[in-house]
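[1] model the structure of this input:
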Amino acid sequence: MPGKDHLITPSELIVMKVIWKEQPCTASNIVEYISKQSDWHFRTIKTLLRNLVAKQAVGFHVDVHDSRVYHYYALIQEEDYLKQEREQFLKLYYDGSMSTLLTGFVKDSSMTPEEVQQLRSLLNRRMGEQGEGGNTK
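    Numbers count the residues shown, from 1 in each chain. Have a look, this model is predicted:
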């Protein structure tokens, strides 16, 4: 996992999302995918790839048939990264208080009835887990 001095920037995250979805993939695959959604120059995307390799978030191997082609893959799992980001967000903005965060989201958002039901089910399931075996995290 990248350290605090190696945080993934929002632009790098766009590249990571492509890699998580398509890995292993070549730089040209990544450029093609991102170009459909933005007007970034291919050099920008290649710079972001180099940064991610330097941060040890992405690895690569050289194609056996063409040494100019690199195949990129994630060195960190998407869910691990997202969990780390959620924890940092919670600490930074809500002093670690999950109830304050959730209360704010529920009050401020326009949740659909389906989303409300999903949240209710998740909380009920969590309460059942804690009731059966004590305090479960």
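
[2] distance of the closest residue to residue 97 other than its chain neighbours relative to residue 18?
    Leaving aside its sequence neighbours, residue 97 sits nearest to residue 90 (Cβ to Cβ, 6 or more residues apart in numbering; 7.6 Å). (Each C-beta comes from the backbone N, C-alpha and C, glycine too.) Distance of residue 90 to residue 18, given as Cβ to Cβ, to the nearest Å: 27 Å.

[3] elements contacting the helix ranked longest in the chain?
    Ranked by residue count, the top helix of the chain under DSSP state H comes out as helix 113-133. If contacts are counted by 3 or more Cβ pairs under 8 Å, 6 or more residues apart in numbering; DSSP states H and E, helix 113-133 sits against no helix or strand.

[4] now do the helix or strand residue 90 falls within, average pLDDT.
    For residue 90, the element it lies in under DSSP states H and E is helix 78-94. Helix 78-94 comes out with an average pLDDT of 94.

[5] returning to what we had before: who has more neighbours out of residue 90 and residue 18?
    The neighbour comparison of residue 90 against residue 18 (other Cβ atoms under 10 Å) goes to residue 18, with 19 against 15.

[6] show me what counts as buried in the helix or strand encompassing that one.
    Using DSSP H and E, residue 18 falls within helix 10-22. Neighbour-count burial for helix 10-22, counted by 16 or more other Cβ atoms under 10 Å, picks out 11, 12, 13, 14, 15, 16, 18, 19, 20.

[7] tell me which strands and helices that helix is in contact with?
    Helices and strands touching helix 10-22, by 3+ Cβ pairs under 8 Å, 6+ apart, are helix 27-35, helix 42-54, strand 70-74, helix 78-94.

[8] ok, residue 96 touching residue 88?
    No: between residue 96 and residue 88 there is no contact under Cβ atoms under 8 Å: 10.5 Å.

[9] can you pull the poorly scored residue ranges out of this structure?
    Applying pLDDT under 70 to the chain picks out residues 1-6, 132-137.

[10] what about residue 71, distance to residue 17?
    17 Å.

[11] let me fix that: residue 11
    Counting by Cβ to Cβ, the gap from residue 11 to residue 17 is 11 Å.

[12] in the helix holding residue 90, what's buried?
    For helix 78-94, the neighbour count (16+ other Cβ under 10 Å) marks residue 81 as buried.
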